[in-house]
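Trainee: Okay, sequence plus prediction incoming.
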Amino acid sequence: MTSPTTGDAPPGRLIIQIVVGSVREGRKSLPIAQWVHGRAALREELQTELVDLADWPLPMLAFAKPPAMGLSEDPAQRRWATKVGAADGYIFVSPEYNHGPSAVLKNALDYLYAEWNRKPVAFVSFGNTGGARAVEQLRGVAIELRMAPLGEAVHIFDAGHKVANGAFAGDARDEKQLSQLFDSLVWWGRALATARAADSEGQ
């Protein structure tokens, strides 16, 4: 489920959306995303929100006008744009399906353009090779959407053995990678938020 909306973050805090990138029955992405959310709550620089794509039923993209040319009149697209546009950055929690990310996550990315621009994005992945091939593709998509994909990522191995009773418990390696991811996300999030604010003032 999607956690309560973050609204405006307190001064100095970045609004980061943790996107649950799978809607499959019995998915591991939800407990992993909840683990990320819990760890992020310990960082005073961040105000995070779980955004579960199961709560955002977006039909396969079929608009005549590409999102890079602006939004259509579709209400689902406009609601999604409002949600995504409120964030300073993102963490995508993605499985790896057949050497790539899930279709539902790719579709959610394709639905918008400007709302993603000039914001950092980080990745937490799992599956074969720790989801590395899914992240490799997602980084290319993020660049095309004018995002700033981070080099730091969390690649979780043996995810099935780390989920018990609906909760995920990362090992020391997972915890270290996540801490490094947060450090980088804070740096890039602040830098890009400052740059976006300067652009707005100059318009």
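Mentor: Yep, it's here.
Trainee: Give the buried residues for the helix ranked longest in the chain.
Mentor: Among all segments of the chain classified by DSSP state H, the helix with the greatest residue count is helix 172-202. When burial is assessed from 16 or more other CB atoms under 10 Å, helix 172-202 yields the following buried residues: 174, 177-178, 180-182, 184-186, 188-190, 192-193. The C-beta positions use only the backbone N, C-alpha and C, and glycine is treated the same way.
Trainee: likewise stretch 44-54?
Mentor: Neighbour-count burial for stretch 44-54 flags 45-53 (criterion: 16+ other CB under 10 Å).
Trainee: So what's the model's average confidence on the longest helix of the chain?
Mentor: For helix 172-202, mean pLDDT rounds to 95.
Trainee: could you say what helices and strands it packs with?
Mentor: strand 14-20, helix 29-40, strand 46-52, strand 89-95, strand 120-126, strand 148-156 (3 or more CB pairs under 8 Å, 6 or more residues apart in numbering; DSSP states H and E).
Trainee: So which of those is nearest residue 78?
Mentor: strand 46-52 (16.1 Å; CB to CB).
Trainee: what packs against the closest one?
Mentor: Contacts defined by 3+ CB pairs under 8 Å, 6+ apart place strand 46-52 against strand 14-20, helix 29-40, helix 172-202.
Trainee: export these to CSV and tack on distance to residue 153?
Mentor: Below are the helices and strands packed on strand 46-52 laid out as CSV (distance: least, CB to CB, whole Å):
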stretch, distance to residue 153
strand 14-20, 14
helix 29-40, 12
helix 172-202, 7
